[in-house]
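Chemist: got a predicted structure plus its sequence, pasted below:
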Amino acid sequence: MIEVQGLTKTYGAHRAVDDVTFSARPGRVTGFLGPNGAGKSTTMRMMVGLTPPSSGSATVCGVPFAALPNPPREVGVLLDASAQHAGRTGREILAVAAQTAALPRRRVEEMLELVSLTRTEADRRVRDYSLGMRQRLGIAVALIGDPDVLVLDEPANGLDPAGIRWMRDLLRGFAADGGTVLLSSHLLHEIEVVADDIVVIGRGRIVAQGTKAELLEQAGTVVAPAEATDGAALVRACAGAGLDVVRLGDGALRVEADGTTVGRLAHAAGVPLGRLQAADGAGLEEMFLQLTADTQREDATHPEGAAA
């Protein structure tokens, strides 16, 4: 369980994280989304004791991260796969992690097998690893203590499609076994596939949070009149009900309402439908862009340490 309450971080006059409150629950994957510079990484660094908060608190497994008696046994953390010691081999990095957490040496081999790093790859220096291999090694380090909680910042960077599928199955299995996963990623489709709950941050503040189903309802409904039916009556009916309607390229409409509401309006207007479905095509990307439209800050500058 992760509990974040009123977490705030300021750098001079710049407020990188502003009164952030959310929770990530056991047995669920929580997706943490936001534009570049929104405060995701700063929030996660505060959660695991790498950046001191200006105010507020974050607890993992009921206590602050710094108070955990043996953090790797409780929390697996991957914030930057490229931060691993470039001069050590993958096996050496895992051996140090195991020793630090007072774990048996066999965990090194178990983790190498879990993340599919071969013996040859394990004995190669990290400076010669691809980004995808570094991600796999970072995940192995995060999991070596058999923790109850995972905190992962962009773990799919550099993974090929098979690797992304492997990670998706890994995280689902971890949550199914009762673990807590907090996952930050810019791969919106992957979050949509794997996440149960979603927290969206923009300019350091939470702009939306809830279950994936609740938030995706905001993407609306895609509807198309039956073939050879004039759709103008449906547009008028939806507009008359105060609903926003967008014409799509294939002649369909996207209506910002649930399917039941749109179906009733079509029936009342006497418009037979050939298609009525949730706007999965828009999905998480559409929801994300709508929620963060006025919080984009790609062109913004901020102090060192106040990045995403």
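Modeler: The structure has been received and is ready for your questions. Numbering: from 1, shown residues only.
Chemist: can you list the weak-confidence ranges in the stretch 101-250 of the chain?
Modeler: 217-219, 228, 249-250 (pLDDT under 70).
Chemist: so where do the helices sit in it?
Modeler: With DSSP state H, counting those that start in this stretch, the ranges of helices along the stretch 101-250 of the chain come out as 106-114, 119-122, 131-143, 161-176, 188-194, 212-216, 232-240.
Chemist: which other helices and strands does the longest one contact?
Modeler: Using 3 or more C-beta pairs under 8 Å, 6 or more residues apart in numbering; DSSP states H and E as the contact criterion, the elements in contact with helix 161-176 are strand 28-33, helix 131-143, strand 180-184, helix 188-194. Using the backbone N, CA and C atoms, a C-beta is placed for each residue, glycine as well.
Chemist: how about the shortest one?
Modeler: Packed against helix 119-122, as judged by 3+ C-beta pairs under 8 Å, 6+ apart, are the following elements: helix 90-100.
Chemist: CA atoms of the helix it packs on as PDB?
Modeler: What follows is helix 90-100, C-alpha atoms only, in PDB (Å, rounded to 0.1, in the frame of the first residue of the first chain):
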ATOM      1  CA  GLY A  90      24.900  -7.400 -14.300                       C
ATOM      2  CA  ARG A  91      25.600 -10.300 -12.100                       C
ATOM      3  CA  GLU A  92      27.800  -8.100  -9.800                       C
ATOM      4  CA  ILE A  93      25.100  -5.500  -9.500                       C
ATOM      5  CA  LEU A  94      22.600  -8.100  -8.400                       C
ATOM      6  CA  ALA A  95      25.100  -9.700  -6.000                       C
ATOM      7  CA  VAL A  96      25.500  -6.300  -4.300                       C
ATOM      8  CA  ALA A  97      21.800  -5.800  -4.100                       C
ATOM      9  CA  ALA A  98      21.400  -9.300  -2.600                       C
ATOM     10  CA  GLN A  99      24.100  -8.700  -0.100                       C
ATOM     11  CA  THR A 100      22.700  -5.200   0.900                       C
END
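Chemist: in that helix, what's buried?
Modeler: Neighbour-count burial for helix 90-100, counted by 16 or more other C-beta atoms under 10 Å, picks out 90, 91, 92, 93, 94, 95, 97, 98.
Chemist: how much space between the third one and residue 130?
Modeler: Same thing as residue 92. Separation of residue 92 from residue 130 (C-beta to C-beta, to the nearest Å): 18 Å.
Chemist: for residue 1, see how far away residue 74 is.
Modeler: Distance of residue 74 to residue 1, computed by C-beta to C-beta: 11 Å.
Chemist: what of residue 180?
Modeler: Noted for residue 180: a distance of 6 Å to residue 1, by C-beta to C-beta.
Chemist: higher neighbour count, these two?
Modeler: Each of residue 180 and residue 1 has its neighbours counted (other C-beta atoms under 10 Å); residue 180 has more, 24 against 13.
Chemist: show me the beta-bridge partners of that one.
Modeler: Legend: beta-bridge partners of residue 180 under DSSP bridges are residue 28, residue 149.
Chemist: anything in contact with each of residue 180 and residue 1?
Modeler: 24, 25, 26, 149 (C-beta atoms under 8 Å, 6 or more residues apart in numbering).
Chemist: winner for burial among the helices of the stretch 101-250 of the chain?
Modeler: Stretch with highest mean neighbour count among the helices of the stretch 101-250 of the chain: helix 131-143 (a mean of 23; mean count of other C-beta atoms under 10 Å).
Chemist: so for residue 274, what's the nearest residue that isn't a sequence neighbour?
Modeler: The shortest distance from residue 274 to any non-neighbouring residue, by C-beta to C-beta, 6 or more residues apart in numbering, is to residue 226 (4.2 Å).
Chemist: what sits against that neighbour?
Modeler: Residue 226 makes contact with 271, 272, 273, 274, according to C-beta under 8 Å, 6+ apart.
Chemist: out of those residues, who has the most neighbours?
Modeler: Counting neighbours by other C-beta under 10 Å, residue 271 leads the contacts of residue 226 with 20 neighbours.
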